[in-house]
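**Q** Dropping a prediction and its sequence here:
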Amino acid sequence: MAITRSYQVMVVYVLLSCVAGGGPCVLGFGTRRGLVDTAPAVFDVSAHGAKADDKTDNAQAFIKAWNAACKSGAPAKLLVPKGNFVTGPVVFQGPCTGSEPITVEVQGTIKATTDTSEYMDPQWFSFEAINGLILTGEGTFDGQGFSAWKYMTDCQHGSDCQLAPASLKFSHVNNTEIHGITSLNSKGFHSHVIYCQNFTAYNIKITAPANSPNTDGMHLSNSHLVNVSSSVIGTGDDCISIGQGCTNISIANVTCGPGHGLSVGSLGKYPDEKDVSGVDVTNCTLKNTTNGVRIKTWPASPPSQASDITFKDIILETVKNPIIIDQKYGSHKSEVHPVVIFKVFVLVEALLILSLLLLMYTTFGAKADDKTDNVEAFYAGLDCSMQKRYWSYKACDPERDIHLIDGLVLTGGGTFDGQGSSVCGGYNDCKKKNTKCAPLPVSLKFTKVNNTIVEGITSLNSNQFHYSLLGCSNFTASNVIITAPGNSPNTDGIHISGSNLVTISNNMIGTGDDCVSIVQGTTQITVTNVTCGPGHGISVGSLGKWPNEKSVERVLVKNCTLTNTTNGARIKTWIGKKPGEAKNIIYEDIVMNNVKNPIIIDQSYGAGKRKVKFQAKIAAGFRPKDIIMEEMNKAKATWIILDRCFADDQSFQLSSRRICKVTLVGDNKEGDVDDYLLSQDGPESSITSKVKPNLTVQSRMSLWQSCPAYMASSSRGEEGSSMSEQYRECKSMRKGKRLTEGSSLHISSRKSLGPDFLLGIPVKLSWKVAEEITKGLERRLTEENSSSTYYGLLNNQYSDFMVRRFIGDLGGLVESEEKAALSMNHKNILGLIGYYKSEKATILVFPLTSRWTLEKNLFSSKGKHKLTFQEKMKIAMGVAQGVRYMHEECPRGPVVHRELHASNIFLRRDLHPLISGFGKAIWLHLRQEFQPDERCQQLRDLLDRDLMTMVKSDIQSFGVLLLRLFCRKSILKDDKALIKWARPLISERAFPQLLEEGLEDVDPHGIYKVMCAACHCTNPNPDLRPCMSEVISVLKGDKFSSM
């Protein structure tokens, strides 16, 4: 019968550690008891018969001194004075009668006897059943291990090995602090910590020769809340080993070497082992060690689990095996096949990756001679479990196959050269063949790889796609270079399929096909600051080639430059297949140089002449000469983008032979080009495209301000018979773009303008207009203590506005909202567009948002879509970016909101958050011009403590917002009570008690980021709260050093 038991190990490499000063927000730590104020009674071992003669066995004298101190009932200190004291086995037994921690201070050197027969149990000094212990001093525990090492069995080779005595054993010892001492040449473990809780060791030194067997620096087992920091450890085995049953372990600023590195395990050696969870290893340096970070398990081990394990910011110098997951630890027989199944999150810094590659080259026979096939050497450097089972290079045991990598960093300045030119004559152009064509190899394929960062890599001359992403989530590629000749077929730069949360940014891509292609089943794709060319542009599709394809949704392509490409922004679909959907596709701020087909939606891709349906979105901010036109493609489908300033009917010449007559009706325009663009049932797609206009925002702002005067003077005939250019511009801008007084004015929808609508002066409304917009204030949506929110309609048109009505004249409310609209222009700021003010009421008019407030989405569950974890992350990040703009980027800022609550966050249909409610905001008017990388420090330098505390009040509000987003709905409504309730639970990592029940799409990787950010933001000391750039770094998982 096949073995069905499995030992599941999940290693979570979290993007951040969460240790901050102030409050209980040191994740994984409890309250540590320290030195007491009352001077303790001193119990000197010399007074109890100990002799510092370097030969007398003083074990009994030490035990007598301990018993006296332990039973004294008062604060006590056991003192080992300077000198050389020899002892055999010593047991310091508790519990003690005193209420304060007992102190053991070692000033001299304690040496272990060399006769191993004296050690009936595997320990030298044993502390047992003690609650409150401080072990300190500048003294040394010398285990004199050289006398025993030659007799000791290496316990890696079997389960019945003989354990040498540990120098220091702590068993059932709680609330312990160790610092200052040295452990030298132990016979076995230097320190063995078992069944302990709240154990802290710092500034200790542990040393033994590299060839000393089983001399682990510190071995932890079945312990909780252990903190090891700022120590130097060099041994013949693991510097620190974490065994079964350990939870909430923190290791920081430890220098390790020589030795076997930092290890979780070995695990599974004994039946019924408990799980390991909550291990953070950060900011450690390993020098001249055999291994770096390691997880090791015994074969055929019974079921258990290791989860939530972090290795972060690890520096490796001359480390033979930087990263090891050993599933057959302790086995010498090659025929042994472990049954361990791994799910691995791998996040390592560049140095680790480079060291891993060095391991492959130096240890497993790879040759950098530009001719030897090194694939076997590369595979030998990785366990078989890291291979895909369908790769043909090497067979894998199916039970040890990993088909999911969760957490990967691919980085460095190197190049993947596919040498595609060598098979130029053999390229398969799948567009010209049937669907069964066999494509050539992809250079880099990522299948079901989540939480991935690719940075700094060059891909050259791939045989087919340079990158292929299939079934991936949370994938980021930045600062990569992709290049191939313009005539190389099917060499797409980055091809994305069935993936979500993909970010492609700051890359240079030039290929023979699409720079970026996005096909079925992809959602939430962002392509920004990409330089593309040569190639076929940035495409959605082709779609519909295969039956039952999934939709493509929420694609943003922004701030990209396309040069010398065949196409620009493109959506392409096959015909004759079951219709799919491509929706919420945005191409924004695209610069095109010498692009043959700038904008193209081809619904007969690969099929010759077909009839297609024409549909285009109107983009804001163009004058007539800003029209983008493109030549007809092979399918005779021609697409244009128009400015809403044009007259209702226009004809445009698209080529020397074709005239397109366009009729403007609403946001979606339909038009015909002779007989080629005719309506036909089939898939429909739309592009919303924004191209930078010639007229700058600043000049438009100035023109807006002067428009009323020009319009008035022209209506009186002061301009003469011919209109000035500025008058015509004012007229076109005023038409459909401004909310003005007068009930006869038709106001077009602003939704087509997107979140970044033009800056303008909010219009003062008459009561007649305000009443008409709200239809007598009958269409109420929400009602609060002092305000109500209404649908805004005009002339019975579709809802265009959101109207908030406040009782009475609220002082500076209107002025602050107007000031916000004039001084801030950001995608996450909701700007005022009109207002009415009287003694009885204040009415504010905003652009309509379909999802209303965040508060309404969080606490109203009647028929509402329940927000998933990823959707909440999007909202949190959007609000954070808006606050960062207010605090650090606004030219007239910093702006302190002062009421950053869920009721003042509005959501668009796609859950894009917009900050509103600036009635109590404060402008500090410092004309800040901060450098992006220095914003936080410059902000701190600019503001005095009182002003900085004011800014940090918004930070605390954002932390509360995070708690309300992700925590249970039944939590306390009062902010202070919420913080008081949440922070201890965060400290204890009691996330199940914190999180909303039934939250979908939960990412453990993201939970830590969110809770860490909330923890820092709600620090009771404003000085210790981060600025918003630092908070965003936490949420993104970027490195930062100021928190």
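**A** Happy to help now that I have it.

**Q** I'd like the next helix or strand past the top helix by length along the chain.
**A** The residue-count maximum for a helix in the chain (DSSP state H) belongs to helix 945-966. The helix or strand immediately downstream of helix 945-966 is helix 975-987, counting by DSSP states H and E.

**Q** And that next one, what does it pack against?
**A** Under the contact definition 3 or more Cβ pairs under 8 Å, 6 or more residues apart in numbering; DSSP states H and E, helix 975-987 sits against helix 945-966, helix 991-994, helix 1004-1017. The C-beta positions use only the backbone N, C-alpha and C, and glycine is treated the same way.

**Q** follow-up on the earlier one: list the helices and strands the longest helix of the chain packs on?
**A** helix 854-859, helix 869-884, strand 895-896, helix 935-942, helix 975-987, helix 1004-1017, helix 1028-1036.

**Q** These: which one's closest to Phe92?
**A** Comparison of the helices and strands packed on helix 945-966 against Phe92 by Cβ to Cβ identifies helix 975-987 as nearest, at 30.5 Å.

**Q** and the angle for the closest one with helix 945-966?
**A** 70 degrees (axes from the mean of the first three to the mean of the last three Cα atoms, to 10 degrees).

**Q** For helix 975-987, which residues meet the burial criterion?
**A** Asp975, Leu978, Ile979, Trp981, Ala982, Arg983, Leu985, Ile986, Ser987 (16 or more other Cβ atoms under 10 Å).

**Q** show me what contacts the third one?
**A** So the one you mean is Ile979. The contact partners of Ile979, taken as Cβ atoms under 8 Å, 6 or more residues apart in numbering, are Gly959, Val960, Leu963, Thr1018.

**Q** distance of it from Phe966?
**A** 14 Å (Cβ to Cβ, to the nearest Å).

**Q** Ok, the first one next?
**A** Asp975 sits 15 Å away from Phe966, taking Cβ to Cβ as the criterion.

**Q** With the fourth one instead?
**A** Spatial separation of Trp981 from Phe966 under the definition Cβ to Cβ is 14 Å.

**Q** quick one: low-confidence parts of the stretch 151-300 of the chain?
**A** Low-confidence segments of the stretch 151-300 of the chain, defined by pLDDT under 70: 152-162, 298-300.

**Q** change it to 50
**A** Scanning the stretch 151-300 of the chain for pLDDT under 50 picks out 156-159.

**Q** now do the stretch 501-650 of the chain
**A** Within the stretch 501-650 of the chain, the set of residues satisfying pLDDT under 50 comprises 607-650.

**Q** again, 90 this time
**A** For the stretch 501-650 of the chain, the stretches flagged by pLDDT under 90 are 520-521, 539-650.

**Q** Which stretches in it count as strands?
**A** Counting by DSSP state E, counting those that start in this stretch, the stretch 501-650 of the chain has strands at residues 516-518, 523-532, 538-543, 552-563, 567-573, 582-593, 597-602, 616-617, 649-653.

**Q** Please save the CA atoms from the third one in CSV.
**A** Extracted C-alpha coordinates of strand 538-543, given in CSV (Å, rounded to 0.1, in the frame of the first residue of the first chain):
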residue,chain,number,x,y,z
ILE,A,538,0.3,46.8,-26.5
SER,A,539,-2.6,44.5,-27.1
VAL,A,540,-5.6,43.0,-25.4
GLY,A,541,-6.0,39.7,-27.2
SER,A,542,-6.2,38.0,-29.4
LEU,A,543,-9.5,36.8,-27.8
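
**Q** What lies in contact with it?
**A** Against strand 538-543 from outside (Cβ under 8 Å, 6+ apart): 514-520, 527, 530, 532, 549, 552, 555, 557, 560, 562, 567-574, 580, 582, 585, 587, 605-606, 683, 685.

**Q** now do 7 Å
**A** 514-520, 527, 532, 549, 552, 555, 557, 560, 569-574, 580, 582, 585, 605 (Cβ atoms under 7 Å, 6 or more residues apart in numbering).

**Q** just the second one next, same as before
**A** Taking Cβ under 7 Å, 6+ apart as the criterion, the residues outside strand 523-532 that touch it are 496, 500-509, 515-516, 518, 538, 553-562, 565.

**Q** Buried by neighbour count: which residues of that strand qualify?
**A** For strand 523-532, burial by neighbour count (16+ other Cβ under 10 Å) applies to Thr523, Gln524, Ile525, Thr526, Val527, Thr528, Val530, Thr531, Cys532.

**Q** Could you do the fourth one as well?
**A** Residues Val552, Glu553, Arg554, Val555, Leu556, Val557, Lys558, Cys560, Leu562 are the ones in strand 552-563 that count as buried (16+ other Cβ under 10 Å).

**Q** how does the chain divide up, domain by domain?
**A** If you go by automatic domain parsing, the domain ranges for the chain are 9-18+43-151+164-363, 456-690, 695-715+726-734, 755-848, 855-1036.

**Q** May I see the strands of the stretch 501-650 of the chain organised as TSV, with distance to Gln938 added?
**A** Converted to TSV, the strands of the stretch 501-650 of the chain look like this (distance: least, Cβ to Cβ, whole Å):
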stretch	distance to Gln938
strand 516-518	35
strand 523-532	24
strand 538-543	36
strand 552-563	25
strand 567-573	38
strand 582-593	27
strand 597-602	40
strand 616-617	40
strand 649-653	49
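
**Q** Looking at the ones you listed, spot the one closest to Ala65.
**A** With Cβ to Cβ, the closest approach to Ala65 among those belongs to strand 523-532: 66.5 Å.

**Q** Please save the CA atoms from the closest one in PDB.
**A** Written as PDB, here are the backbone C-alpha positions of strand 523-532 (Å, rounded to 0.1, in the frame of the first residue of the first chain):
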ATOM      1  CA  THR A 523      -8.000  40.800 -14.400                       C
ATOM      2  CA  GLN A 524      -6.500  43.800 -12.800                       C
ATOM      3  CA  ILE A 525      -3.500  44.300 -15.100                       C
ATOM      4  CA  THR A 526      -1.500  47.500 -14.900                       C
ATOM      5  CA  VAL A 527       1.000  48.500 -17.600                       C
ATOM      6  CA  THR A 528       2.800  51.800 -16.800                       C
ATOM      7  CA  ASN A 529       5.900  53.700 -18.000                       C
ATOM      8  CA  VAL A 530       6.700  51.100 -20.700                       C
ATOM      9  CA  THR A 531       8.700  52.000 -23.700                       C
ATOM     10  CA  CYS A 532       7.600  49.800 -26.600                       C
END
